[in-house]
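Asks: Structure for this input, please:
(chains A and B)
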Amino acid sequence: MAAKHIDDERVEVMISNLLRAGVVLAALVVIAGAVPYIGAHPRAHVSYRTFHGEPDALKTVPGVIANAFSGSPRGVIQLGLLLLIATPIARVIFSAVAFAIEGDRMYVAFTLIVLAVLLYSLFGSFLIA
Amino acid sequence: MNVLAFTFLVWAGSLVAGFLGALTGLGGGVVLVPLLTVFFHVDLRYAIGASLVSVIATSSGSAAAYVKEGFSNIRIGMFLEIATTLGALFGAYLTAKVPATAIAIVFGIVLLYSAYVSRRTRPRAIVEEPPDPLATKLKMNGSFPDTSGIRQYNVYRVPAGFAIMYLAGTLSGLLGIGSGALKVVAMDQAMKIPFKVSTTTSNFMIGVTAAASAGVYLSRGYIDPSLAMPVMIGVLIGSLMGTRVLVKTKTKSLRLVFSVVIVLLGLEMMLKAVTGGF
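Replies: A predicted model of the protein is given here:
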């Protein structure tokens, strides 16, 4: 039991470093999009008073990736935000692997349920939205 | 307002929100939505979208600081995340069905409740009950480092905790907040998990919970890159600063000030809602 606890901790330290790296990467991508976005029209009027929704290119994972690689500053920012959303998902995947290595089938199953919900939200939720 | 001024002011406001949120342990998300809607006249849907993104940034960004302490229980967290992610999906689904006025009123109530929870002093009785069979089967009982060595603890009332977690997830998805206060209530009060273990495990869960509604928000067009950008960067820097300062300062009077701010924001939000501001 004691040895297992230490293992858990080592896995957690690894996961937390991964999370931090993910957040730093996401922030850098967001800033890389923010600079040209602000630079293009710094004096343009901006208002979020009424809700228009986002264009389709900024609403789906493939759309955002295509938009970002076409060089659109807002697309690059959105890609950074997607990377950020991916960090907790990466953590869940790592936990599933860690539970599998420990041979804990019950917790592998629980982790896969959580992963399924997350992936459904990101890739399948336009079906209900 | 022009792009430059708006981006800068939202960034500065988010930085302060993130700083105070980390310092007081209440999280930045809970003040961000009122800040954006009441002061920057941002539509409620854009505001909760930007807030949710910042919640993920705070949770993932501060994970390293929490893990080093060795308190969080990864099994409790993962099991309860089934409840919070399903709740978050349901909550995010509700945002399109429920009128903005109702969302704003629920938000106001949650703000008042968070302020109440943060003021309450909780009696810390050590539970001397036999281990709960369900919690034992789920391998939730654990241990953590204490001043007097390693302390063992047992977990109780798993179904009650699971139900409260579903509610916490729903509120997170509906309001774009971390619901940290309610998550701690579920673990600390209902499941009798030691407070330190509850708070650190809750921080881990917040990011995963928020990710479950983020996909729905994205496909609905709630996440606007130009607005979420200054919010995310501001909250991230603010919360990292807050976590650093936390170790050195006494936060009692600051918590009081922040609670008063939260109560005022809650009342302001409800007032704006009943006068048709949303």
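
Asks: In the chain, what residue spans correspond to helices?
Replies: Picked chain A for this. Secondary structure of chain A by DSSP state H: the helices cover A:2-40, A:61-69, A:73-102, A:105-119.

Asks: Oops, wrong one, chain B.
Replies: Taking DSSP H as the test, the helices found in chain B are B:3-24, B:29-34, B:44-67, B:74-94, B:100-119, B:133-137, B:158-175, B:180-184, B:195-220, B:225-246, B:252-274.

Asks: Count the residues that sit near A:Ile101.
Replies: 11 (other Cβ atoms under 10 Å in any protein chain shown). C-betas here are computed from N, CA, C, even on glycine.

Asks: Let me have the helices of chain B in a markdown table, extended by mean pLDDT, mean neighbour count and distance to chain A.
Replies: Putting the helices of chain B into a markdown table (pLDDT from 0 to 100; neighbours: other Cβ atoms under 10 Å in any protein chain shown; distance: least, Cβ to the nearest Cβ, whole Å) gives the following:
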| stretch | mean pLDDT | mean neighbour count | distance to chain A |
| --- | --- | --- | --- |
| helix B:3-24 | 91 | 21 | 4 |
| helix B:29-34 | 86 | 28 | 13 |
| helix B:44-67 | 88 | 28 | 4 |
| helix B:74-94 | 95 | 25 | 4 |
| helix B:100-119 | 88 | 19 | 9 |
| helix B:133-137 | 93 | 13 | 9 |
| helix B:158-175 | 96 | 23 | 9 |
| helix B:180-184 | 85 | 24 | 14 |
| helix B:195-220 | 90 | 27 | 3 |
| helix B:225-246 | 90 | 23 | 4 |
| helix B:252-274 | 85 | 17 | 13 |
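
Asks: Of the helices of chain A, which is nearest B:Glu81?
Replies: Minimum separation from B:Glu81 across those (Cβ to Cβ) falls at helix A:105-119, 4.8 Å.

Asks: got the buried residues for that closest one?
Replies: For helix A:105-119, burial by neighbour count (16 or more other Cβ atoms under 10 Å in any protein chain shown) applies to A:107-108, A:110-111, A:114-115, A:117-119.

Asks: what sits up against that helix?
Replies: Residues from elsewhere that reach helix A:105-119 (Cβ atoms under 8 Å, 6 or more residues apart in numbering or on different chains): A:88-89, A:92-93, A:95-96, A:99-100, B:75, B:78-79, B:81-82, B:85-86, B:89, B:138-139, B:208, B:211-212, B:215.

Asks: now stretch B:256-265
Replies: Against stretch B:256-265 from outside (Cβ under 8 Å, 6+ apart): B:20, B:23-24, B:26, B:30-31, B:34-35, B:38, B:111-112, B:114-115, B:118-119.

Asks: Same question for stretch B:134-146.
Replies: So stretch B:134-146 is contacted by A:5, A:104, A:106-107, B:70-71, B:73, B:75-76, B:79, B:131, B:150-156, B:158-159, B:191, B:194, B:196-197 (Cβ under 8 Å, 6+ apart).

Asks: what's the span of that stretch from first residue to last?
Replies: 26 Å (Cα to Cα, to the nearest Å).

Asks: how distant is it from the center of its chain?
Replies: With Cα atoms, centre = their mean, to the nearest Å as the basis, stretch B:134-146 stands 24 Å off its chain's centre.

Asks: Stretch B:22-30 too?
Replies: Stretch B:22-30 sits 7 Å away from the centroid of its parent chain (Cα atoms, centre = their mean).

Asks: and if you look at stretch B:153-173?
Replies: The chain centroid and the centroid of stretch B:153-173 are separated by 14 Å under Cα atoms, centre = their mean.

Asks: picking that back up, which of the helices of chain A sits most buried?
Replies: Most buried of those, by mean neighbour count (mean count of other Cβ atoms under 10 Å in any protein chain shown): helix A:73-102, with a mean of 22.

Asks: can you tell me if it touches chain B.
Replies: Yes: Helix A:73-102 lies within reach of chain B by Cβ under 8 Å from any Cβ of the partner chain, at A:74-75, A:77-78, A:81-82, A:84-85, A:87-89, A:91-92, A:95.

Asks: for those, which one is nearest A:Tyr48?
Replies: Closest to A:Tyr48, out of all of the residues of helix A:73-102 next to chain B and judged by Cβ to Cβ, is A:Arg74, at 13.8 Å.

Asks: For B:Gly276, grab phi and psi.
Replies: phi 80, psi 30 (degrees, to the nearest 10).

Asks: Give the burial count for it, as a bare number.
Replies: Every residue meeting other Cβ under 10 Å relative to B:Gly276 is counted, giving 7.

Asks: List the contacts of it.
Replies: B:Gly276 neighbours (Cβ under 8 Å, 6+ apart): B:Thr101.

Asks: What pLDDT is listed against it?
Replies: Predicted confidence (pLDDT) for B:Gly276: 83.

Asks: Can you give me the distance of it to B:Lys196?
Replies: Shown here: B:Gly276 relative to B:Lys196, a distance of 44 Å by Cβ to Cβ, to the nearest Å.

Asks: Please apply the same query to B:Ala64.
Replies: The spacing between B:Ala64 and B:Lys196, counted by Cβ to Cβ, is 17 Å.

Asks: Same check on A:Arg20?
Replies: 21 Å.

Asks: Just checking the distance from the lowest-mean-pLDDT helix or strand in chain A to the centre of its chain.
Replies: Least confident helix or strand of chain A, by mean pLDDT, DSSP states H and E, is helix A:2-40 with a mean of 83. Offset of helix A:2-40 from its chain centre (Cα atoms, centre = their mean): 10 Å.

Asks: ok and it relative to helix B:225-246, angle-wise?
Replies: Per axes from the mean of the first three to the mean of the last three Cα atoms, to 10 degrees, the angle that helix A:2-40 makes with helix B:225-246 is 130 degrees.
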